[in-house]
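Peer 1: got a predicted structure here, sequence first:
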Amino acid sequence: MNVQHKIIQTKAAGPTLVISPVGDIDMHESPKLRTVVLSEIKKKPKAVVVDLSQVGFIDSSGIATLVEALKEAKNIGAPFTLCGMSEKIMDVFELARLDKVFKIAGTLKEITGA
């Protein structure tokens, strides 16, 4: 049996927290992402960026995790931005009109300059 572990990288880019999940964000993986994101937001970064450039698929549980993270970031006054979305993931956000709710950037470099 081949088990593939997912990776969620976090790093600071200046005062900005960057969270970079790898792989699909589905009902099995979204609780792990939720735990990481919410614990990092509790540290009160100046801004939060979720880089989705290495995510191939996101389901409703993953989107719910991002919505909850957005709310928590707003509670501490930190801007929350998504970036690096594939066309397929962007289509999901546009269909659900979440592109009007989230700040979305093309690349991480556009946000952090690095």
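Peer 2: Great, that's in hand.
Peer 1: can you list the strands that whichever strand or helix holds residue 82 pairs with?
Peer 2: Element membership of residue 82 [criterion: DSSP states H and E] is strand 80-83. Its sheet considered, strand 80-83 pairs with strand 47-51 (parallel), strand 103-105 (parallel) by DSSP bridges.
Peer 1: any idea which of these is most buried?
Peer 2: strand 47-51 (a mean of 23; mean count of other C-beta atoms under 10 Å). No exception for glycine: its C-beta is placed from N, CA and C like everyone else's.
Peer 1: residues contacting the spatially most central residue of the chain?
Peer 2: Nearest to the mean C-alpha position of the chain, by C-alpha atoms, centre = their mean, lies residue 50 at 3.1 Å. Residues near residue 50 by C-beta atoms under 8 Å, 6 or more residues apart in numbering: 19-21, 37, 66, 69, 80-83.
Peer 1: with distance to residue 91 as extra columns, can I get the residues you listed in JSON lines?
Peer 2: Output for these, formatted as JSON lines (distance: C-beta to C-beta, whole Å):
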{"residue": "19", "distance to residue 91": "22"}
{"residue": "20", "distance to residue 91": "21"}
{"residue": "21", "distance to residue 91": "19"}
{"residue": "37", "distance to residue 91": "23"}
{"residue": "66", "distance to residue 91": "16"}
{"residue": "69", "distance to residue 91": "21"}
{"residue": "80", "distance to residue 91": "21"}
{"residue": "81", "distance to residue 91": "19"}
{"residue": "82", "distance to residue 91": "14"}
{"residue": "83", "distance to residue 91": "16"}
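Peer 1: which of these lies closest to residue 9?
Peer 2: Residue 9 lies nearest to residue 20 out of the contacts of residue 50, by C-beta to C-beta, at 4.4 Å.
Peer 1: what's near enough to touch that closest one?
Peer 2: 8-11, 50-51, 53-54.
Peer 1: what about 10 Å?
Peer 2: Counting by C-beta atoms under 10 Å, 6 or more residues apart in numbering, residue 20 touches 7-11, 49-55, 83-84, 108.
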